[in-house]
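*Asks:* take this sequence and fold it.
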Amino acid sequence: MKRPFLLLEVLISLTIISAILISLFHFFTHIHVIKKNVEDAKEIVFERAHIQQRLTHIFSHLCPPVPLEIAFHGNAKHLYFLFDNGIDPDPSFSGIVQGELFLNAEEKTIHLRFKPFPEKKKSPSREEILGTSIQNFALSFFRKEKNKWDISWKEYSLPPMIKLSVTKSNVEEVSFCFFTLSEHNIVEY
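*Replies:* Below is the predicted model:
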């Protein structure tokens, strides 16, 4: 005849099962935290790569032959330029277009705005968001004759390099450096 389980045996089995469940719960919460951290890091890396690739393409297609004034307005948060956009599905955005790179302080985003060149009265504009949750944004230009970075460029030529420094929320400052097709890009040994 089978004997029933003793209360002690039931309590021991419940203790063992609860210990196993607690360790499994800890394992799965730890896995979830790691997965969340990886997703956050991947988002930051993809955003940085997008900024680098998009602005590298634009700054490598700046228009040096056209008299071009690259100037800061206000608190050094805007950059105006002309560049060759190539072929676009919208014909008004094909070829040389006006570009503006700026920080939208309200939305905390880096914007890239395009307008057709030469600008007509009712010309459309196109806007891209390059980065989100941006706390600070600063542009600087390399002056070869002084061998240093400057925060303004008001000459009718292109600087050899443009540096963009971005501070994201809760992340350290990241700097991007872009070379332009400038007559100053001569390497001296």
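*Asks:* can you give me the strands for the protein?
*Replies:* Using DSSP state E, the strands of the chain run over 78-84, 96-104, 109-116, 126-131, 134-143, 148-150, 161-168, 173-179.
*Asks:* can you list the buried residues in the helix-or-strand element of the chain with minimal mean pLDDT?
*Replies:* Least confident helix or strand of the chain, by mean pLDDT, DSSP states H and E, is strand 78-84 with a mean of 85. Using 16 or more other CB atoms under 10 Å as the test for burial, strand 78-84 gives His78, Leu79, Tyr80, Phe81, Leu82, Phe83. No exception for glycine: its C-beta is placed from N, CA and C like everyone else's.
*Asks:* please apply the same query to stretch 149-163.
*Replies:* So for stretch 149-163, counting by 16+ other CB under 10 Å, buried means Trp149, Trp153, Leu158, Pro159, Pro160, Met161, Ile162.
*Asks:* distance of the last one relative to Gln98?
*Replies:* Computed with CB to CB, to the nearest Å, the distance linking Ile162 and Gln98 is 17 Å.
*Asks:* also the second one?
*Replies:* Trp153 sits 16 Å away from Gln98 when distances are taken as CB to CB.
*Asks:* ditto for Ile151
*Replies:* From Ile151 over to Gln98 (counting by CB to CB), the distance is 22 Å.
*Asks:* same deal with Gly131?
*Replies:* 21 Å.
*Asks:* ok, the two, which is more surrounded?
*Replies:* Legend: neighbour count by other CB atoms under 10 Å for Gly131 and Gln98, higher for Gly131 (21 against 18).
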